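*Asks:* Fold the following for me, if possible:
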Amino acid sequence: MIVGTVLLIAAIAAAATRWRIQVGRGEGSHSVLVARDPCAGARDQAVRTRIRVQVLNATRKQGLARRATMFLRDCGFDVVENGNVLPARETTVVYDRSGHPDWARLVASIFDRAPVEIRPDSSRYVDVTVLVGAAWHPPAEPFYP
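*Replies:* From the prediction side, this is the model:
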């Protein structure tokens, strides 16, 4: 009886060791999912340049401008204003307000390559305006315990 128990434990330990070696080498059906960072290319330039962004919710979904604001701030952008705007839109659009289309394209790249329109407005204190459309789905909120 004792010999059978010892053999069973040894077999389980050997199987576990083999499984750990296979997973460590990437073999077998076990894989680790790595989420891509949507801010990867933008974070350094946004922090270095201090791009001021206005975020406007162009939908009937409550809180979408706030979620987009948090998302852009996590990416290093300086969101100075958020709010709502009518009429409602299905797609997100990014407006270049300060004559820096590369900054607007940088913001648009975070919103799934949203279209960029040049709409200069010297009376605004922002470089880029984002009209968040209903088709944009914010990423999951981070968990801060």
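*Asks:* helix, strand or coil for residue 66?
*Replies:* Using DSSP: H, G, I helix; E, B strand; the rest coil, the structure places residue 66 in helix.
*Asks:* Distance check, it against residue 2.
*Replies:* Applying Cβ to Cβ, to the nearest Å, one obtains 64 Å for the distance of residue 66 from residue 2. Placement of C-beta: from N, CA and C, glycine included.
*Asks:* who's more crowded, the two?
*Replies:* Between residue 66 and residue 2, counting by other Cβ atoms under 10 Å, residue 66 is the more crowded of the two (15 against 6).
*Asks:* Quick one: residues contacting the spatially most central residue of the chain.
*Replies:* In the chain, the residue lying closest to the centroid (Cα atoms, centre = their mean) is residue 38, at 4.2 Å. Under the criterion of Cβ atoms under 8 Å, 6 or more residues apart in numbering, the neighbours of residue 38 are 75, 110, 139.
*Asks:* my guess is the first one contacts residue 106, does it?
*Replies:* In other words, residue 75. No - in this structure, residue 75 is not within contact of residue 106 by Cβ atoms under 8 Å, at 9.3 Å.
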